[in-house]
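# okay, sequence plus prediction incoming.
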Amino acid sequence: MKFILTLALFIFIFYNGLSQITFDPADKTIFTQKMEAFKNAEDSKSENPLILVGTSFLGTPYIEKTLEIGEKESLVVNLRGLDCTTFVENVLAFNLLLKDGKNDFLDFAEKIETIRYRNEELDGYPSRLHYFTDWIRNNEQKGLLKDITNELGGISVEKPIDFMGTHRELYPFLKDDDNYQRILETEAELAKKALCYLPQADIPKQEENLQSGDIIALATSIKGLDVTHTGIAIKQPNGRIHLLHASISGTVKITEEPLVDYLKKVKNNIGIIVARPL
């Protein structure tokens, strides 16, 4: 019930050529607070800006399906509750905003649109980068990051990525025939590309080549899916790489155990895909 009441507080605005934006007034307050905190931390050159942003979300509640709002796709900005993908998107958007020297909420919304949608533009539900390997490839084309999985010794496999098309009933927006057809077309294109991942058994010897701020996607053996979870690599005082992520167990947190050990407990995990923000 609490989540339903929260959704009722969302409002809608339009801005210059941007898509319809969906947010709560509290999101603007949180945005302003974060920007002020980041500004005050500018003198700390030793702090990785992306990690600075990521750790500012520690304790933020995990909430599923924050983007599934209304009857058609809108540009959702939600800083009060995150799933694993929107956590990574928000961190990357703040990082880009800081690099550009901007501090306006609507500029932030524009960064979110750039990251979340194919070719930087919201054009209905199917334009959202639903599959994370597609998200990585498209954002690599935008010059925002680089997939370094192959450089780390990743292997390529042929695997149909068609979970949405074969599980239409799980996605309310796919009741619309046009949305469904466009998703099938996207999946047909994804089928032409190999899935490259670093096998779980090979991660220990590559751990020293991972950096704080790397985007880590968890590849899966589940039929039709490429990735089940994502987060950000963070080196801890013990010298090991852990995962900073929006955990389904409740909030944004840092794994207690190193990434290598955490993955051993993730059902159906076969390894990781690594993307390095530029």
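Received it, and whenever you're ready, just let me know what you need.

# contacts and neighbour counts: CA atoms only from here.
Fine.

# does the nearest residue to residue 49 once chain neighbours are set aside sit in a helix, a strand or a coil?
Among residues not flanking residue 49 along the chain, residue 95 sits closest, at 6.7 Å (Cα to Cα, 6 or more residues apart in numbering). What DSSP: H, G, I helix; E, B strand; the rest coil gives for residue 95 is helix.

# likewise for residue 198?
strand.

# quick check: bridge partners of it?
residue 272 (DSSP bridges).

# that one is in contact with residue 269, isn't it?
No. Using Cα atoms under 8 Å as the test, residue 198 is too far from residue 269 to be in contact (11.1 Å).

# of these two, give the one with the bigger neighbour count.
Neighbours per residue, other Cα atoms under 10 Å: of residue 198 and residue 269, the larger number sits with residue 198, 24 against 19.

# what's the more buried one in contact with, if anything?
Applying Cα atoms under 8 Å, 6 or more residues apart in numbering, we find residue 198 in contact with 149-150, 152-155, 271-273.

# ok, and the closest non-adjacent residue to the most centrally placed residue in the chain?
By Cα atoms, centre = their mean, the chain has its centre lying nearest to residue 85, at 2.8 Å. In space, not counting the residues next to it along the chain, residue 85 is nearest to residue 230; the distance is 6.4 Å by Cα to Cα, 6+ apart.

# make sure the one you found is indeed in a strand.
Yes. Assignment of residue 230 by three-state DSSP places it within a strand.

# run a quick neighbour tally on it.
For residue 230, using other Cα under 10 Å, the count is 26.

# settle this for me: it is touching residue 89, isn't it.
No. Taking Cα under 8 Å as the contact criterion, residue 230 and residue 89 are not neighbours in contact, 10.6 Å apart.

# how far off centre is stretch 53-63?
With Cα atoms, centre = their mean, to the nearest Å as the basis, the distance from the averaged C-alpha position of stretch 53-63 to the chain average is 13 Å.

# now do the contacts for the residue nearest to the centre of the chain.
Residue 85 is in contact with 229-231, counting by Cα under 8 Å, 6+ apart.

# point out where the stretch 1-150 of the chain drops to low pLDDT.
Under the criterion of pLDDT under 70, the regions of the stretch 1-150 of the chain flagged as low confidence span 1-19, 42-46.

# okay, helices next: where are they in it?
Assignment of helices within the stretch 1-150 of the chain using DSSP state H, counting those that start in this stretch yields the ranges 2-7, 25-40, 49-55, 84-100, 105-116, 132-141.

# which one, of the ones you listed, ends up nearest to residue 250?
For these, the distance to residue 250 is smallest for helix 84-100, at 11.3 Å, taking Cα to Cα.

# the closest one to helix 132-141, inter-axis angle?
Relative orientation of helix 84-100 with respect to helix 132-141: 10 degrees, computed using axes from the mean of the first three to the mean of the last three Cα atoms, to 10 degrees.

# strands of the chain, start to end?
For the chain, the strands defined by DSSP state E cover 11-13, 21-23, 75-76, 145-147, 155-157, 195-199, 215-220, 227-235, 241-246, 252-254, 269-277.

# out of those, deepest packed?
Scoring the strands of the chain by mean neighbour count under mean count of other Cα atoms under 10 Å gives strand 241-246 as the most buried, with a mean of 27.

# so it versus strand 227-235, what angle?
Between strand 241-246 and strand 227-235, the angle formed by their directions is 120 degrees, by the same axes, to 10 degrees.

# return the distance of strand 241-246 from the chain's centre.
The gap between where strand 241-246 is centred and where its chain is centred comes out at 13 Å by Cα atoms, centre = their mean.

# quick one: contacts of that strand?
The contact list for strand 241-246, computed with Cα under 8 Å, 6+ apart, reads 54-55, 60-62, 82-84, 87, 207, 210-212, 216, 230-236, 252-259.

# so what strands line up beside that strand?
Take DSSP bridges as the rule and strand 241-246 pairs in its sheet with strand 227-235 (antiparallel), strand 252-254 (antiparallel).
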